[in-house]
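Peer 1: sequence below, structure please.
(2 chains)
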2 protein chains.
Amino acid sequence: MRYLTAKLAQQIDEELMNSVGAFSLDQLMELAGLACAQALATAYKKETHPRVLVCCGPGNQGGDGLVAARHLGMFGYKPTLYMPKPGSKDIYKRLQKQCDNMAISTLPPSDTTADLEQALLSTDVILDAIFGFSFKPPVRAPFDAVLPLLTASKKPIVSVDIPSGWDVEAGNASGVGLNPDVLISLTAPKEGVRAFRGRHFLGGRFVPRALEERFQLNLPQYHGFDQIVELKSEDLQGSAQRL
Amino acid sequence: MRYLTAKLAQQIDEELMNSVGAFSLDQLMELAGLACAQALATAYKKETHPRVLVCCGPGNQGGDGLVAARHLGMFGYKPTLYMPKPGSKDIYKRLQKQCDNMAISTLPPSDTTADLEQALLSTDVILDAIFGFSFKPPVRAPFDAVLPLLTASKKPIVSVDIPSGWDVEAGNASGVGLNPDVLISLTAPKEGVRAFRGRHFLGGRFVPRALEERFQLNLPQYHGFDQIVELKSEDLQGSAQRL
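Peer 2: Presented below is the predicted three-dimensional model:
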């Protein structure tokens, strides 16, 4: 299995959505967000962890979080959205509206973290969809205050694609990033998460074989019609040996 | 469970996608097509039924079929597309392109059914995505020649939403429609399929609770994070008693 640099992740994303790949962002985000929701639901059952705080950044990663929140609502979880800096793109607003229609509550916009601190007290698990593969350090406001609070809450964290605060390639060398219990990599894992040792899922089952081969992704086999696959130590060791 | 008239199905579709519902067609079609592929994969395993002939009409039903074909390809089936009258909408063309990128083959356009007859000889199961809930009889060319050939092939048929040729409300009273072995209803079953007695799945797990309640859909419970649920005789009898 190949670990992607930030540049390669960007390139694959572009190829999927250019006139050749022909995917729309709506499609890929829907499948990615569904996979995130399913990974969280696999790791944390709604009977024990019903209250999910879905933390969304302003970009496409936040969009994945919004899709995941909606699906978690369909699955019977009680998601709450935290978007300290909501995205401005049309798709982001539509995804927010879809969550509103599901009666998913959103923490009010605020210049302080008081509401976040309060919400964390009644949270069972955090879905971290703040920064994605286009993140470049340092962590800027308001997120520089948010990440330490998420960590301090000691609630289990499920991160999407790259734990927030980690460099996409260097990982958590700076130490300011989250330390998630579960990671759901999308399309293929990123360089920065080689050292990640928690439960690791892969989602984004939409890469055509030809593209997978051209980029030598060596993706693991998904089972049946599943949209996620849990990576086992063989997958991870195998990739380490090959590289 | 409520069976939908053609008008009500149309209304729910519109409400999901208007400015209030905020869903894009890309999103709903992706989830619907995924559910269709998963229903087929539940009923017919790829080990015994790898070769799926996906028959697509020119409208949104055909689009669901194209999405399903792509996912079936991801699952390891060998789908072949049959589109005697391909759709002209941009989304339809993009979905076709995505199938091309998956190396899914398409029967050549033709004025005769010779290629279809040939293809049926090497088909294990048919996915019928020809007509949807906006179909009104009679069946017109070229499909008036296609449906009898599909039936005559004696291959198992999985129909999407409403078996092709059936009136959305009156069912197969005319007798010209397909007789599928499996049906996957989307959002909620339609009036015309009350008499259907094969394996019956429901997909399209995207209806917000408020909308479900307003239209009194009484949808069955999906399990866990599944995107399809098989309807049992209790579901079906219950709905008959209530109505």
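
Peer 1: which of the three states applies to A:Ile154?
Peer 2: Heads up, residue A:154 is Lys, not Ile. Secondary structure state of A:Lys154, per DSSP: H, G, I helix; E, B strand; the rest coil, is coil.

Peer 1: distance of it from chain B?
Peer 2: Distance, A:Lys154 to chain B, by CB to the nearest CB, to the nearest Å: 26 Å. (Each C-beta comes from the backbone N, C-alpha and C, glycine too.)

Peer 1: measure how buried that residue is and give me the count.
Peer 2: For A:Lys154, the tally of surrounding residues (other CB atoms under 10 Å in any protein chain shown) stands at 8.

Peer 1: low-confidence ranges, chain A, go.
Peer 2: Counting by pLDDT under 70, chain A has low-confidence residues at A:237-243.

Peer 1: and A:Gln118, how many neighbours?
Peer 2: With neighbours defined by other CB under 10 Å, the count for A:Gln118 comes to 11.

Peer 1: ok, A:Ile12 next?
Peer 2: A count of nearby residues for A:Ile12, using other CB under 10 Å, gives 22.

Peer 1: how about the strand or helix carrying A:Asp115: buried residues?
Peer 2: Assigned by DSSP states H and E, A:Asp115 belongs to helix A:114-121. Residues A:116, A:119-120 are the ones in helix A:114-121 that count as buried (16 or more other CB atoms under 10 Å in any protein chain shown).

Peer 1: who in chain A is up against chain B?
Peer 2: Within chain A, the positions lying close to chain B (CB under 8 Å from any CB of the partner chain) are A:20-24, A:26-27, A:30-31, A:34, A:37-38, A:41-42, A:71, A:74-75, A:94-95, A:97-98, A:101-103, A:205-206, A:208-211, A:222, A:224-225, A:227.

Peer 1: thinking again about what came up before, what's in contact with the helix holding A:Asp115?
Peer 2: Under the contact criterion CB atoms under 8 Å, 6 or more residues apart in numbering or on different chains, helix A:114-121 has outside partners A:53, A:80, A:82, A:84, A:107-108, A:126, A:146, A:149-150, A:153, A:155.

Peer 1: repeat the analysis, applying 7 Å as the threshold.
Peer 2: The set of residues that contact helix A:114-121 without belonging to it, under CB atoms under 7 Å, 6 or more residues apart in numbering or on different chains, is A:53, A:80, A:82, A:107-108, A:146, A:149, A:153, A:155.

Peer 1: take these and lay them out in TSV including neighbour count, distance to A:Phe135 and secondary structure.
Peer 2: As requested, these are arranged in TSV below (neighbours: other CB atoms under 10 Å in any protein chain shown; distance: CB to CB, whole Å; DSSP: H, G, I helix; E, B strand; the rest coil):
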residue	neighbour count	distance to A:Phe135	secondary structure
A:Leu53	24	20	strand
A:Thr80	19	23	strand
A:Tyr82	23	18	strand
A:Leu107	16	22	coil
A:Pro108	6	25	coil
A:Val146	23	14	helix
A:Leu149	12	18	helix
A:Ser153	17	21	coil
A:Lys155	18	22	coil
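
Peer 1: just the closest of those residues to A:Asp235, please.
Peer 2: For the contacts of helix A:114-121, the minimum distance to A:Asp235 (CB to CB) is 27.5 Å, reached by A:Lys155.

Peer 1: which residues does the residue minimising distance to the centre of chain A contact?
Peer 2: Within chain A, one residue has its C-alpha closest to the average C-alpha position: by CA atoms, centre = their mean, that is A:Val160, at 1.6 Å. Contact analysis of A:Val160 by CB under 7 Å, 6+ apart lists A:36, A:61, A:64-65, A:128-129, A:184.

Peer 1: please name the nearest non-neighbouring residue to it.
Peer 2: Nearest-residue entry for A:Val160: A:Ala129, 4.6 Å, with adjacent residues in sequence omitted and distances by CB to CB, 6 or more residues apart in numbering or on different chains.

Peer 1: same question for A:Ala41.
Peer 2: Residue nearest to A:Ala41 in three dimensions, not counting chain neighbours: B:Phe225, with 4.6 Å by CB to CB, 6+ apart.

Peer 1: just checking, that neighbour touches A:Phe75?
Peer 2: Yes - using CB atoms under 7 Å as the test, B:Phe225 is close enough to A:Phe75 to be in contact (5.1 Å).

Peer 1: which residues touch the longest helix belonging to chain A?
Peer 2: Longest helix in chain A, counting residues (DSSP state H): helix A:25-43. Identification of contacts with helix A:25-43 by CB under 7 Å, 6+ apart yields A:16-17, A:52, A:60, A:63-64, A:67-68, A:71-72, A:75, A:91, A:125, A:127, A:158, A:160, A:182, A:184, A:186, A:199, A:201, A:203-204, A:206, A:227-228, B:24, B:26-27, B:30-31, B:224-225.

Peer 1: re earlier: list just the nearest of the contacts of helix A:114-121 to B:Gly177.
Peer 2: Distances from these to B:Gly177 were compared by CB to CB; the smallest belongs to A:Thr80, at 47.0 Å.
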